[in-house]
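1. This is a predicted model, with the sequence first.
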Amino acid sequence: MSSTLETSAGAFGHRLAPPGDPWEGSTFDALYQAKIEPELARCEVERGRDVLIFFAGLAAAALAAGVEIALFHGRAPPILIVATVLGVSAAAYAPLSRLAKRAKTAVLEALCTPLGVSYAAAGSEPGGLAAYFALKLLTKPDHGVYTDVFSGRRGKADFSMCSALLTTGSGKERRIVFRGQLIRMSTARPRTATTVVLRNSGWLNGFVKPQSLKPVGLEDVRFNKKFVVYGSDQVEAREILTPTFMQQLLDLESGFGGAHIRCAFTELDLMIALESSLRFGIGGMFSSLVQRGRVEAIARNLEQLFRVVDGFGQA
């Protein structure tokens, strides 16, 4: 299935599905004007009010800090002043933060619904996560937060994707073990073996090798410098990891502005973990929300996701 970006001087459009799809050419304009722009205009009215609340909060934070300094005769503990300013400022920004999430959700739902793709701003632990841990794609966390959850079908591949923040410990000992995208999709045909592609960590590779899998040697020197492959069937692993597939893996990492991508083929699924930053934000809240460019940026990130599914779903 094709997924190339189409642009012209006066229009913005995607080809994410066969001709006639709501994201193709001028129909994107109609979708924006009918569904997205009116919702952003409603949010914009609230944004103006919430910006005033925020700046009023900053003034209140400065006043509170001044009162503390006066009460302590100029010797107020710095940590107290900092905590006061940050606390009041965070409370003042909260309405803007909630509005940003609502605007983002409205845009993503409007973009995804015509394509038959489901979107949720937050979700529970994704199914099959235990396999990510067993195959060493992820370190098992103590706590996980899952946001921007997408699911649907593209061609012959069912897929799901979410942003994940996985941590261990608590308080000052809290440590992030993964921040990025988790992608899972059904493969075009069932496999009889398991193949895992991890980052090449040199002499540390032996500590991350999945149990019962053996190293698979590939001829691609460039790929071998970045990745190490383990599999239960040497022949099938080499059939899967074609030069085209390996290039797609490298392109995905750079296309998402990410790092340390790794993946695994199991009997029915392809699982991908990609460390990256937030991909679907609405943008800054101190300028008008009714800007087409905000929606186009989100749509391009969605297109990147669909390009992944279309490319890897046939692997």
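-> Nice, I can see it. Numbering: from 1, shown residues only.

2. Now Ser276. Nearest residue, chain neighbours left out?
-> Gly258 (3.3 Å; C-beta to C-beta, 6 or more residues apart in numbering). In this view, the C-beta of every residue, glycine as well, is placed from N, C-alpha and C.

3. Is the one you found in contact with Gln181, as I believe?
-> Yes. With contact defined as C-beta atoms under 8 Å, Gly258 reaches Gln181; the gap is 7.3 Å.

4. Which is the succeeding secondary structure element to the helix or strand hosting Ser254?
-> Using DSSP states H and E, Ser254 sits within helix 243-255. Scanning forward in sequence from helix 243-255 by DSSP H and E, the next helix or strand is strand 259-265.

5. Relative to that following strand, what are the paired strands and their orientations?
-> Looking at strand 259-265 with DSSP bridges, its partner strands are strand 195-199 (antiparallel), strand 269-275 (antiparallel).

6. from the chain's centre, how far out does the longest one sit?
-> Read that as strand 269-275. Relative to its chain's centre, strand 269-275 lies at 12 Å (C-alpha atoms, centre = their mean, to the nearest Å).

7. so where do the helices sit in the stretch 151-300 of the chain?
-> Under the criterion DSSP state H, counting those that start in this stretch, the stretch 151-300 of the chain contains helices at 205-208, 221-226, 234-240, 243-255, 292-312.

8. Using CSV, write out every CA atom in the longest one.
-> Think helix 292-312. The C-alpha trace of helix 292-312 is given here as CSV (Å, rounded to 0.1, in the frame of the first residue of the first chain):
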residue,chain,number,x,y,z
ARG,A,292,-3.1,24.6,9.7
GLY,A,293,0.6,23.8,10.2
ARG,A,294,-0.1,22.3,13.6
VAL,A,295,-2.4,19.8,12.0
GLU,A,296,-0.1,19.1,9.2
ALA,A,297,2.8,18.3,11.6
ILE,A,298,0.6,15.8,13.4
ALA,A,299,-0.6,14.3,10.1
ARG,A,300,3.0,13.9,9.0
ASN,A,301,3.8,12.0,12.1
LEU,A,302,0.8,9.8,11.6
GLU,A,303,2.0,9.2,8.0
GLN,A,304,5.3,8.0,9.4
LEU,A,305,3.5,5.5,11.5
PHE,A,306,1.4,4.2,8.6
ARG,A,307,4.6,4.0,6.4
VAL,A,308,6.1,1.8,9.1
VAL,A,309,3.0,-0.5,9.1
ASP,A,310,2.8,-0.6,5.3
GLY,A,311,6.5,-1.4,4.9
PHE,A,312,7.0,-3.8,7.8
